[in-house]
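[1] Any chance you can model this:
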Amino acid sequence: IPRGATAGARAAMARAWSMRDTPAYAREDFEVMRQIAEAARFTPGLWLMNRISKLWLDAASTIAFAVRPPSDYVAVYSKYFDLIEDGNADEATAHMAAYLDRHDSMLAKALQVMG
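    Numbers count the residues shown, from 1 in each chain. Purely as a prediction, here's the structure:
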């Protein structure tokens, strides 16, 4: 991903963060990764994300009350964008995987309480 190509993802991240207490958060959070696929010109990934978007957004909106974005959401994503623009794919992947593992753990705990 060339330098500056994450501008759309960064804008979506900022919108998501500003909407973190509303149902619109899920849409903007999803848009972050859709924008990354677009910036990478990863057409199959973009196609897949467009196809699953309604299903994902319906599910994410339903459980949004249970899990709020972590307080380091903006910092984590900003570092991720910087890493991929700098060509540090392995470090970017490890960075985002750690964040998503932590986020998924919070989500799993919330779902256990519900179930």
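[2] Report the distance from the longest helix belonging to the chain to the chain centre.
    Ordering each helix of the chain by length in residues (DSSP state H) puts helix 89-114 first. For helix 89-114, the separation from the chain centroid amounts to 11 Å (computed by CA atoms, centre = their mean, to the nearest Å).
[3] so residue 92 touches residue 84, yeah?
    Yes - using CB atoms under 8 Å, residue 92 is in contact with residue 84, at 4.7 Å. Quick note: C-beta positions are derived from backbone N, CA and C, even for glycine.
[4] So those two - more neighbours on which side?
    More crowded of residue 92 and residue 84, by other CB atoms under 10 Å: residue 84, with 23 against 20.
[5] show me the contacts for the more buried one.
    Residue 84 is in contact with 1, 6, 36, 92, counting by CB atoms under 8 Å, 6 or more residues apart in numbering.
[6] what residues are up against the third one?
    Neighbouring residues of residue 36 by CB under 8 Å, 6+ apart: 1, 6, 9, 84.
[7] Next, find the distance separating it from residue 44.
    Residue 36 sits 14 Å away from residue 44, taking CB to CB, to the nearest Å as the criterion.
[8] This protein: strands as residue ranges?
    Counting by DSSP state E, the chain has no strands at all.
[9] Any stretches of it with poor pLDDT?
    64-67, 113-115 (pLDDT under 70).
[10] those helices in it, which residues are they?
    Using DSSP H, helices in the chain cover 7-18, 24-39, 43-63, 73-85, 89-114.
[11] Quick one: list the elements packing against the longest one.
    Which is helix 89-114. In this structure, helix 89-114 packs against helix 43-63, helix 73-85, with contacts taken as 3 or more CB pairs under 8 Å, 6 or more residues apart in numbering; DSSP states H and E.
[12] how about JSON lines for those, with distance to residue 23 added?
    What follows is the helices and strands packed on helix 89-114, written out as JSON lines (distance: least, CB to CB, whole Å):
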{"stretch": "helix 43-63", "distance to residue 23": "5"}
{"stretch": "helix 73-85", "distance to residue 23": "17"}
